[in-house]
Structure formats: C-alpha cells, structure tokens
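Chemist: Fold the stuff below for me.
(3 chains)
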Amino acid sequence: MSSDVDFGRPMLVLRRRRIAVRLERRSVVVCAVLVLALAGLAVLALMTGSYSLGPGEVLSALTGRETGLMHDIVVEWRLPRVTAALVFGAALGVSGAVFQSMLRNPLADPGIIGFSQGAYTGALIVILVVNGSYGQLAGGALLGGMVTALAVYVLAYRRGVQGFRLIVVGIGVSAMLGSLNTWLILKADLDQAMAAATWGAGSLNGTSWDQVIIGGICVLVLLPAAGMLSRPMRQMELGDDAAAALGVRVPAARLGLVVVGVALTATVTAAAGPIAFISLVAPQIARRLARTAGITLAPAALVGALLCLAADYIAQHVAPTPLPVGIVTVVLGGGYLGWLLFTEARRRL
Amino acid sequence: MTRTPLIAAFLGAALVLTACGGDGGDDTAEAAAPTTRSVTADNGTVQVPAAPQRVATIGNTTQPYIDLGGKPVAVTQVVESTLTKLPADQQATYKAATNVGDQEIDLEKLAGLKPDLILVQIDDAGFKAIEKQLTSIAPTVSWSLDTEWKEFADAISEAGNTSAALSQQKTQFAEKVAKIKETYGAVIKDTTFVDIARAEWSDPGTFYIADIGCSEIARDDIGLNLPEAAAGQDPLAYANLPYEQLTSLSKYDVITYPVTAAGQPTVPFAEVANLNTWKALPAVTSGRALGVFCPGNNSYGPVLQYLDSLDKALATLPAKE
Amino acid sequence: MTVLAVRQDGPGTTTVPGPRRRLLGLVIALVVLVVLLVLSVMIGSTSIPPSVVWDALVHSSTGIDQVAVQDYRLPRTIVGLVVGVALGLSGALIQALTRNPLADPGILGVHAGASFAVTVAVGLLGVSDVQGYMWFAFAGALVVTLMVLALGSTRQGSSPVVMVLAGVCVGAVLGGAREALQLTDPDAFDAMRSWNAGSIGGRPLEVVWPILPFLAVALVLAFVVAGPLNAMALGDELAVSHGVSLARTRVLAIIALTLLAGGATAIAGPIAFVGLMVPHVARWIAGPHQRWIFAYSVLLAPGLLLVSDILGRVVLRPGEIPVGVVTAFVGAPVLIALVRRKKASGL
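Modeler: Numbering: from 1, shown residues only, chains lettered A, B, ... in the order given. Model prediction:
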C-alpha cells in the first residue's frame, strides 16, 4: 500500500524515527472516550456492592491506607474482578475482531470453530474422569478448546483453508461435541454436575489475583501479537488474491490469526468459563463507533472491555439475584441479532 | 459516555451518606477471641468460636443446621420443592435469615452480616474458588458433597454447637429403627425389595433403581434386602433405565416408589405409575408396591419422617402366600 | 413440470436416473423402512423373544413382556416414524426454499426456537398439555424461520454461509435465554431439562395425535409446492416466466416447514441433522426433482431416525442414549464430508 493513498478522512500521522503510524482522528477520539468511560465504570464498580463505598474510601483502599475488611473488599475482591472483566473483555473483543475480519463475516466468532464446545468437553472430562482441581479444570478447558480448534482447522484444510469450509466444519464439530457434552452431564453425579454447571455458566465471581495475573500475562503476550498481524489482516479483508499481491503470505497469516484468536479466547475461557457473545458484538460496535471500513483491533478491545465490565456490573448489582456474567452477555447477543435484523429490514425498504 | 464519571461521583456521594461507615472490619477476630475450639473437616482443622452466635450456611448445610435447631443469619437459596417439605417452623427460620445468593454468593452481603462461623457444603471446585474470601470473613468449615449423612449431622452439630438437639434426634432415630425391625423383622427377613424412582432430570422415558438416598437407610439401618451396586461400581441410580426395563422388576417381592407427603406419586414418577407395564407387574397387582415419602436424607429430621412413612407402608403389606 | 428437471450440478455429474429406476428405488426404500420398523419393535434394552413380540402385536395378552412391547416399543416406533417423516421433509423443504445445501431446521435454529417457546409455555405460563404447547412450538419455529431467512439474505440474494451463521447465532442466543430462565426458577424448569434432550422413547402417543393433522396438512402442502420450488431452483425470473407465483410458493413452503419442524420438536424435542443428511441422500438417488426428493426424504428419514434410536438402545445396555445425541454423532461427520466435497457450496 503506497503511502500517498488518500483515505478521504482526517488523519493523524505520527512520525518517530522511521516508523510512521497512521491513525484516523475519529478512531483516536473514540478510543479516548472509551478509555474515559472504562475508567468511570471501573471506579463505579469498585464503589458498588453490599458494602457501599465512596470514591474517597476506594482511593484510600487502593493506595493502601486501609486495612481489614475494607482493604479486602476493595483490593482483594472487587479490584481483581474489575481487572478480570477489563482484561478478559478486551481479549474477547480482539479475538472476535480477528475472526470476523478473517472470515469476513459479522456473525463469526471463535465459538464458530468449535472452541467453546471443545473447551466445555475438556472441562467436563477433567471433572468426570480425574475429578480435578480448579487449575486442572482450566487446563482441561484450554486443551479441549485448542485441540478442537486444531481439529477443525485440519478438517477444513484442503489446499488451503477457506473461510466457508472452516465455518461449516466448525458447526459440525461443535454439534458433535455439544451432544457429547449433553451426554457427559447426564452421566455425571451431583458434585460433578454442579461443578460443570458453575464453570459452564461463565462467571467472574470469586476471581482471585492468581487467576487475573496468569490470565493477564497471557493476554499481554497475545495482544501485541494480534497487533502485529493486524496489517496483513486488514489487507486480507480485500480478498486473498489482493492480499497476496500486496505481499502478504496468506496461509501463514491466516494460521497466525487463528492461533492468536483462539489463544485469546482460550485464556478467558480457562480463567472464567465461556463468556459468550462479547467477541461477536464488540468488533461490530467498535467498527460503527470508529466508522472504519474494516475491523480494527484497538477500539474492539476497548469496547470488549467496556461490555464485559458493564455486563458483570449488571449481573452483580442490577439483577435481582447475583447471576453469572455469561448469562447477561447472552442478552447482548440477542440484542445484537435484533439490531442486525432491524437494519437489514430497513435497508431493504 | 463521558458523563459516566460524573454519575459515578454523584452516586458515590449518595452512597457515602447512607454507608454504615467502614471503620475497619477486624471484629470477627474479636468475636472469636473469648474461647475457640478446633474442628476438623474436609478443608482441614479450623478454629471456630466455642459458641457461635452468627452462623452462615452455604449450600447443603442450611437445611441440616436448621434441622438441628440452629438459626442462621445468612443462608443460600433452598429450592422451593425442598423448602415446602420442611416443617413450618423450619421454613420460618429459613425465611428469617438473609439470602446471600444462589448461583453466585454475594460475598459482600455475607461479610456485611458479620457471621462468626461459615458452614459450607458445595461442590469442591466451587468451594476452592471462594475459599480464600470466605476464610477472610469468618472461620469457614467445609465438607464435600459425598459426606455420609450421619457423619455430616455429627460434624455440623459439632461445628455449630448444637449437640443437645443432635443427641435427642439420634435417640429418636435409634428407637424408630428398633421399632421397625421388631415389628416387621419376620416379614423383612425373607422378602426382596427394590426401590425405584424417577426425577425431574431423568431422561425422557426412563426411571432408575434408587440405591442411594433414603433407601440406603432402609438397607443399611433397617436391613431391607435391597439391591446394591457392586463394590467400586457407580451406584445403580446413575443408570437411566428405559421403561421396558420395568419388566425386570418382576423378580422382586416388594417395590417401593416415591410419593408426596399426601401419599400421591410424585409428579415425575406419576408417568411411570400410569404405564400399563407398571400396572402389570406382579408386585403392583398383588398390592405390594408401596409409596414412601422421602423428604430428604441429609439430616435426622427428614430421615425420621421417611422412617414414619416406611413404617406405615410396611404395615399395609399383605401376608405373603 | 418434468421439463424443468434439468441437472443443476453442472457438467461432470452422473446422469439423472429415469422414472422407472426412481420408482424402484422408492419401493426399496419403503421395504427398508418396513424392515426397520419391525426391528425397532424387536430390539430393545431387554431381550424379549420375537415370538413374544409377535404375540403382543396380534393379541391383547397380559404377560408383562407383551405389555411392555405394546406400552413402550410400539409407541416409540410410531413416534419415530412420525417424527422422522416430519424431520426429513422439513429438511428437504428448507434446503429447496433457501437453495442452501447446508440448511437443516436444527442448524438454522428452528428447533431451538420451537424448544424455547415450549420452555416459556411450560415453565412460565404453566401450560402442561400438548394441545396447549404445540401452538408455542409452531410459533417459535415460524419466528425463527423468518428471522433466519431475513438475516441470511443479502442484497445479492441469500448466502448459505450467512444463513448458517445466523441460524447458529439465533440458536445460541435462544439456548442461553433458556438457561437464564431455568436459573430463575429451577423447580419450574427442571421438568423441561429432559425434554430438551431430543428423544423418542417414553413419549406417549397422546402427544402425537393432536399434532398429526397438522403434519398431514404440511405433507400435502410440501408436495403442492414441490413443482414451483423445482422451477425456482433455476432462478426466480425463469420461474416467474413459467407462471410460478414466488410469494405464494414461499409462504406455503414456510407454513409447511413451520408445521413440520415445530410439530417434530413438540413431540420429541430438538433432533438435529436428520433433516440435513436425508435430502442429500435423496438427491443423490433421485436427482434434482423436488417431488422425488421429498418422496425419498419421507421414506429415508424415519429409517435413519430408527437406526439411530436402535443404536442408542443397544450400545449402553441396560441404559440408553437419547436419539438426538446419536443423530448429531452420525450427522456431523456427514456435514463435514459434504463441505469437503468440491461442489458443496453450489448445491
């Protein structure tokens, strides 16, 4: 892509040494607003709970001037949960952006290539066979999801991987695993079924710093990787041939995108269970806010974080009884589909 | 969206006014200070108050603790169908306590109630996830779901300091068991029994042989000749048997099945009771299918109700020709 | 209409079999189905000798084994037959209507829609009899069918991928919503849990009778629109030029589809993949004539469902696997094989 293409939109060009970053002004503004909104919501989440705290108290707890229960509530209970919502939400947003861009479809998400069902199968097998601890369960989910995604990729491979085939093979494998999961749960005893249900709902309740730190490190490694792939990703949106003409090694880039996309979702799933639909909705909202032609990663990450935090806030404080966040995000999915229907209908009138 | 911080600040100010102040939360240690005992459970040895005053019950500990006369300050959701089987005073005790959640436990609400002891029986993975938080609120005692019910009653009573109620219940239980054994000993000796059931979650068109639950007490304490899974195998109750397997029940002299307190077949089991195959079973045609009410098998109160029901059912047994 | 039955697979495919061979195939399919019906009554979780089964079928005897055959195996076989016909035909219809080889009422979320509506009816509104909740099943199936058709069509016409994705998405949302409902009142929804498994065992025939007239109407409708759908396969303009009313055909097809998919779900719960696989097999045998595809689907689908059900009865004796679990296991590899074939995206 030559540098003198007219993008037709106001641009910010940052030149430092020999790297030029081309940023659309609107994207920058949107990102800044999103960051502000995130900060506001995070503070609100830290203040809200059965123990209501003021901003001052939150601040003094955060800066270590409180001890005892107040310290525990803010620093040990609320903060890891808020951090988890932010980090995991961002990971889901980016993961969805990667898949939607790669498959050039607003309805694609990592669940499509069987990841969610595979992760659930992995978790169930750990619960049923080895009766494992929470850590083993997370490992089982991770392994199950990755193996499934790999299997789907291999099954869809036929002189390259075509988006359409990937989607359909993913649906098939998901269905098989889904029925396997149904059957596994039917065979589980009470303790196992309860553990599976708790995990399967997707919850941030009781998130500890251990989970956040392990998950956070994975996300922090993966996000720059996604950033590095974003350029070939945008070019592949124009079509494989066009991208190849621009010097993109399409098969390698696609494999890289699958790996990063799946690994991001895998991290979240392992730590918190399946949190649905954020990866589906966040990239689309981000795209419309930033009014970009294609999918962009940074706004998608921020919108993902915002959605996840808001959903968890609703799940904890607005719902009549505290619910797993995964249940609330389903509503997000429903709203999104309704909106898609509405716009489709309007476009055709 | 930029208004969010403003709203946050406003809400925060409002909350400060209503907040009950957060002047340090280390009173749990104080309450526990006078005398403590150590209790050993599945999560290790825990120092608990000698006479706990504010007990929180999480998961399956709620009903047994209330059954022992305890008055918890915090409970988790007990499903309606279980709740309605409890005596009225126990239902009132449950309703008087603060509900701290069902799917998710509201830890802050729990902390706000300032319990001095937390009793937990939930799935292991679920407990591990919140163990640290619970322990920081109050001494926490946890048992795994597969704890045998008598041990469980002993353990809850020990941790919750309700030994007087427990020994009374134990006496009643022993008397009841002795009475049934004495009255029906001759009949029980050479009669084969099978207990079958069907639950809401059973696969469509299936029932199961209930070798765990109430009939376990009938087998182990009363001595009824009931089928049992081979050692090391899954309980028979785990297998969903299709209705045509009802034919295999012909070999038993007596079949027991679940009924409500009023003596009607339970809703899921009514489907089985309406089948012609059921009606054609020798035990059914000869009046040796007995409905038994099992309100629960996790503490002495419901078990005593079960034994009463079993007692009445056995009394209707026609003499074997 | 036979004039319109031109091959659409393009050059290189096998020639379309003549009417005589197609008829012969149909007779063979019928014989196979009858054999499977007999096997379904003969084979079960307990071993009952064939003579006893025969006795049970011809006399009204009172032996416990005979009663079990009359009481359990026979209704189960009849339910399998009825549900199989409905599933197969609804699959063939939705594939013809959407011109999408990957369409299946299960994949497109139609079963999920019916199933969700029934959950609401039973759990929230306290409806307990079939006559009450079948209307909800029909309504749920209709709404989701329309939604998926709307989501799946782009300005250029309908796109198989988008439609499939839309269906999966709708299904996932409805599944999640169902879960959320179940969490709010576990007691009320506990009874629904087993119903969601997709099974033909232990469904009393009283559940089938009220739905049967609707399925019969749908069967007639399906064969009425078979010809116009044939014409539409060649393109809307060509169909119009042959005097086909597009709107009328689509409306009738959607009504038939809704009754079939909703009815099957109301009886047996969601069973996926039968509607996907059978029309493909039918197309391989009969070529691209919708009427023949429909006829074959009607005979082959109950066969597939019964084979899956028999498998589910014997692999875990004395326990059983619900048939919906078996069909997904058998069906998903077929889907994958289909999409790996070269021409899969074309129909």
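Chemist: hey, let's count contacts and neighbours off CA atoms from now on
Modeler: Noted.
Chemist: tell me, how many neighbours does residue B:232 end up with?
Modeler: Residues lying near residue B:232 (other C-alpha atoms under 10 Å in any protein chain shown) number 6.
Chemist: First-to-last residue distance for stretch B:288-296?
Modeler: Terminal residues of stretch B:288-296 lie 24 Å apart, using C-alpha to C-alpha, to the nearest Å.
Chemist: Same check on stretch B:247-259?
Modeler: 21 Å.
Chemist: Need the residues that contact that stretch.
Modeler: Stretch B:247-259 has contacts (C-alpha atoms under 8 Å, 6 or more residues apart in numbering or on different chains) with B:191-197, B:265-266, B:269, B:277, B:281-284, B:288-294, C:64-65, C:68.
Chemist: Let's see that with 7 Å instead.
Modeler: Here stretch B:247-259 makes contact (C-alpha atoms under 7 Å, 6 or more residues apart in numbering or on different chains) with B:191-197, B:265-266, B:281-283, B:288-294, C:64-65.
Chemist: of those residues, buried ones?
Modeler: Buried members of these, counted by 16 or more other C-alpha atoms under 10 Å in any protein chain shown: B:192-197, B:265-266, B:281-283, B:288-294, C:64-65.
Chemist: Show me the subset of those residues that also lies near chain A.
Modeler: Applying C-alpha under 7 Å from any C-alpha of the partner chain, the subset of these adjacent to chain A is empty.
Chemist: hmm, back to that, please flag which of the contacts of stretch B:247-259 sit within strands.
Modeler: Among those, DSSP state E puts B:193-197, B:289-293 in strands.
Chemist: which among those residues gets closest to residue C:165?
Modeler: Using C-alpha to C-alpha, the shortest approach to residue C:165 within those belongs to residue B:197, at 41.7 Å.
Chemist: I figured that closest one was touching residue B:212, is that so?
Modeler: No - counting by C-alpha atoms under 7 Å, residue B:197 stays clear of residue B:212, with 10.7 Å between them.
Chemist: So for the residue in the stretch 101-250 of chain A positioned nearest to chain C, what's the nearest residue that isn't a sequence neighbour?
Modeler: Among all residues of the stretch 101-250 of chain A, residue A:172 sits closest to chain C, at 4.6 Å; criterion: C-alpha to the nearest C-alpha. Excluding its sequence neighbours, the residue lying closest to residue A:172 (C-alpha to C-alpha, 6 or more residues apart in numbering or on different chains) is residue C:332, at 4.6 Å.
Chemist: I'd say the one you found and residue A:174 touch.
Modeler: No - the criterion here is C-alpha under 7 Å, and residue C:332 misses it with residue A:174 at 8.6 Å.
Chemist: burial of residue B:60, as a residue count?
Modeler: The local packing count at residue B:60 equals 21, with neighbours defined by other C-alpha under 10 Å.
Chemist: do you know how far it is from chain A?
Modeler: 12 Å (C-alpha to the nearest C-alpha, to the nearest Å).
Chemist: Quick check: pLDDT value at that residue.
Modeler: Looking at residue B:60, its pLDDT is 90.
Chemist: close enough to count as contact, it and residue B:123?
Modeler: No - taking contacts as C-alpha under 7 Å, residue B:60 lies outside contact range of residue B:123: 9.9 Å.
Chemist: Tell me which residues are up against the helix or strand harbouring residue C:261.
Modeler: Per DSSP states H and E: residue C:261 is located in helix C:246-268. Helix C:246-268 is contacted from outside by C:83, C:86-87, C:90, C:93-94, C:105, C:111, C:114-115, C:134, C:137-138, C:141-142, C:198-200, C:207-208, C:211, C:214-215, C:218, C:221-222, C:225, C:228, using C-alpha under 7 Å, 6+ apart.
Chemist: cool, and stretch C:42-55?
Modeler: In contact with stretch C:42-55 (C-alpha under 7 Å, 6+ apart) are residues B:244-245, C:65-66, C:69, C:313-314, C:317-318.
Chemist: Of those, which belong to helices?
Modeler: Of the contacts of stretch C:42-55, the ones assigned to helices by DSSP state H are C:65-66, C:313-314.
Chemist: Need the buried ones from those residues selected in ChimeraX.
Modeler: With 16+ other C-alpha under 10 Å as the criterion, this ChimeraX line picks the buried residues out of these:
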select /C:65,66,313,314
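Chemist: Make JSON lines out of the ones in helices among the contacts of stretch C:42-55 and add distance to chain B and pLDDT.
Modeler: Converted to JSON lines, the ones in helices among the contacts of stretch C:42-55 look like this (distance: C-alpha to the nearest C-alpha, whole Å; pLDDT from 0 to 100):
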{"residue": "C:65", "distance to chain B": "6", "pLDDT": "86"}
{"residue": "C:66", "distance to chain B": "9", "pLDDT": "85"}
{"residue": "C:313", "distance to chain B": "9", "pLDDT": "88"}
{"residue": "C:314", "distance to chain B": "11", "pLDDT": "87"}
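Chemist: Helices along chain B, start to end?
Modeler: Going by DSSP H, chain B shows helices at B:4-18, B:27-32, B:62-67, B:80-83, B:88-96, B:107-112, B:124-137, B:149-160, B:163-189, B:214-217, B:267-273, B:276-279, B:282-285, B:300-315.
Chemist: Out of those helices, which is the most enclosed?
Modeler: Each of those was scored by mean neighbour count; the highest is helix B:62-67, a mean of 23, by mean count of other C-alpha atoms under 10 Å in any protein chain shown.
Chemist: interface residues of the stretch 151-300 of chain A facing chain C?
Modeler: Contact residues, the stretch 151-300 of chain A versus chain C (C-alpha under 7 Å from any C-alpha): A:164-165, A:168-169, A:172-173, A:175-176, A:179.
Chemist: quick one: which of the residues you listed is most hemmed in?
Modeler: Highest neighbour count within these: residue A:169, with 29 neighbours (other C-alpha under 10 Å).
Chemist: just checking, that residue touches residue C:336?
Modeler: Yes - assessed by C-alpha under 7 Å, residue A:169 is found in contact with residue C:336 at 5.2 Å.
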